[in-house]
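Student: Sequence and predicted structure below; questions after.
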Amino acid sequence: MLPRMSIEPSRIDPMDGAIRVGLVGYGLAGAVFHAPLVASTPGLALVSVLTADPERRARARREHPGVRVLGGAEELWSAAGEHDLVVLATPNTTHLPLGLAAVAAGLAVVVDKPLALSAAEGRRLLDAARGRGVPLTVFHNRRWDGDLLTLRRLLAEGALGRVRRFESRFERWRPAARPGAWRERSSPEAGGGVLLDLGSHLIDQAVLLFGRPGRVYAEVDRRRADVAGDDDVFVALEHPGGVRSHLWASAVAAQAGPRLRVLGERGAYVKQGVDVQEAALRAGRRPTGPGWGGEPRERWGWLGADGELRPVPTEPGAYQTFYAELAAALRGGGRLPVDPEDAVAVLAVLDAARASARAGTTVTL
């Protein structure tokens, strides 16, 4: 596991009430993930939501009574003194300009993944934050998927022995593009496609587990005629020590493969099905409720070798950990939940994957 960056105690006074959060964007990321998680975290207070869409403005007021709804970024920056933290849950092309503006306003920043469109953009934003002395982190929430937490426990216990290959998939069946889905309607240059979306999660998890790769190979395709971005992706990574990661992200998989298949010298861990937290958040459940992130027995993965398999209880998923750790870091200094250097490293792998797909060859980092 990569070490996480520590920060100095911020200007936030630990005795001066809750950390005041401004949320920029109230689409899927803002309304389903960030707003409920912020509202469920002790020590954080959602004080404003920025969205120009009338339906989303009404939804924000309905779901978070008392929140201040803003229509433009200038309203937020002019009220910077009434905020401590800004969360950017906006399309990928806006992460750099909005992030730079938040940093210039002296506010701590959470950027939804990916941090930016390229490693160069991500480095620019991180350097600006460091120069201003502003904490910056990235919402790589799938570090707290139940299946990944389970795998990390198994690796710590040595249950698999030395890992030889890590297979990970986020596969969906969407034979036609969805109306209004900007990730499908936008080109990769404009932040669209599954490589930047699901691929960011896959690569972040692989790098977290096995370190930054030295070589990258990728196949990046657009299978559907009605989309502008890539929708079918394979990425292979070679990590230090010889572990190889094989990663798939697809919107055109009529039957999904295993979510995880991890092959070690002593056995394998195979897990079907995606983490349950997104579906729970979409259904209006919150991490403060009973049984959050838990999976029923029939969804557990299996450990061992053919003929000698045993079910492995899935660790409860814990997306709420991101904001709990962030609140602690902002108040007392210490480790951010996601080191922004990790996010830049993920972008470097994504850059290499695009270069590999264009050239049809392996790229060395």
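Tutor: Great, that's in hand.

Student: dump the residue contacts of the closest residue in space to E265 that isn't next to it in sequence.
Tutor: Nearest residue to E265, sequence neighbours excluded (C-beta to C-beta, 6 or more residues apart in numbering): G161, at 3.8 Å. Bear in mind the C-beta positions are built from the backbone N, C-alpha and C, glycine included. Each residue near G161 by C-beta atoms under 8 Å, 6 or more residues apart in numbering is listed here: 264-267.

Student: now swap in G264 and tell me
Tutor: G264 neighbours (C-beta under 8 Å, 6+ apart): 159-164.

Student: The lengthiest helix in the chain: how far from the chain's middle?
Tutor: Counting by DSSP state H, the longest helix found in the chain is helix 340-359. Centre-to-centre, helix 340-359 and its host chain are 15 Å apart (C-alpha atoms, centre = their mean, to the nearest Å).

Student: So which elements touch it?
Tutor: helix 119-132, strand 136-139, helix 198-210, strand 215-221, strand 232-238, strand 363-364 (3 or more C-beta pairs under 8 Å, 6 or more residues apart in numbering; DSSP states H and E).

Student: Am I right that V21 is in a strand?
Tutor: Yes - per DSSP: H, G, I helix; E, B strand; the rest coil, V21 lies within a strand segment.

Student: Just to check, it is in contact with D84?
Tutor: Yes - at 7.3 Å, V21 counts as touching D84 under the criterion of C-beta atoms under 8 Å.

Student: The contacts of G161 in strands, which ones?
Tutor: G264 (DSSP state E).

Student: Out of the helices and strands packed on helix 340-359, which one sits most buried?
Tutor: strand 136-139 (a mean of 27; mean count of other C-beta atoms under 10 Å).

Student: Give me the residues contacting the following helix or strand past it.
Tutor: Going down the chain from strand 136-139, the next helix or strand is helix 146-157, by DSSP states H and E. Here helix 146-157 makes contact (C-beta under 8 Å, 6+ apart) with 1, 142, 160, 163, 205, 209, 259-260, 262, 269, 271, 275-277, 293-295, 301, 303, 312-318.

Student: who touches R354 in this structure?
Tutor: 188, 195, 218, 220.

Student: Out of the contacts of helix 146-157, which end up buried?
Tutor: Buried members of those, counted by 16 or more other C-beta atoms under 10 Å: 142, 160, 163, 205, 209, 259-260, 262, 269, 271, 275-277, 293, 295, 301, 303, 312, 314-318.

Student: In CSV: the contacts of G161, plus pLDDT and distance to P65.
Tutor: What follows is those, written out as CSV (pLDDT from 0 to 100; distance: C-beta to C-beta, whole Å):
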residue, pLDDT, distance to P65
G264, 98, 51
E265, 97, 56
R266, 96, 54
G267, 97, 52
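
Student: coming back round to it: give me the subset of the buried ones among the contacts of helix 146-157 lying in helices.
Tutor: 205, 209, 277.

Student: which residues touch the nearest residue to the last one once chain neighbours are set aside?
Tutor: Translated: Q277. Nearest in space to Q277, with sequence neighbours left out and distances taken as C-beta to C-beta, 6+ apart, is G317 at 4.5 Å. With contact taken as C-beta under 8 Å, 6+ apart, G317 is in contact with 144-146, 149, 275-277, 292-293.

Student: So for the longest strand anywhere in the chain, mean pLDDT?
Tutor: For the chain, the strand with the greatest residue count under DSSP E is strand 163-171. What strand 163-171 shows for mean pLDDT is 98.

Student: Output the next helix or strand after it in PDB, but only the C-alpha positions, please.
Tutor: Sequence order places helix 182-185 as the next helix or strand after strand 163-171, per DSSP H and E. Coordinates of the C-alpha atoms in helix 182-185 are reproduced here as PDB (Å, rounded to 0.1, in the frame of the first residue of the first chain):
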ATOM      1  CA  TRP A 182     -22.500  13.400 -20.600                       C
ATOM      2  CA  ARG A 183     -19.800  10.700 -20.100                       C
ATOM      3  CA  GLU A 184     -21.200   8.800 -23.100                       C
ATOM      4  CA  ARG A 185     -22.000  11.900 -25.200                       C
END
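
Student: who's in contact with helix 182-185?
Tutor: 91, 177-178, 191-194, 196-197, 227-229, 231, 251.

Student: Same question for that helix: list its buried residues.
Tutor: Applying 16+ other C-beta under 10 Å to helix 182-185 flags 183-185 as buried.
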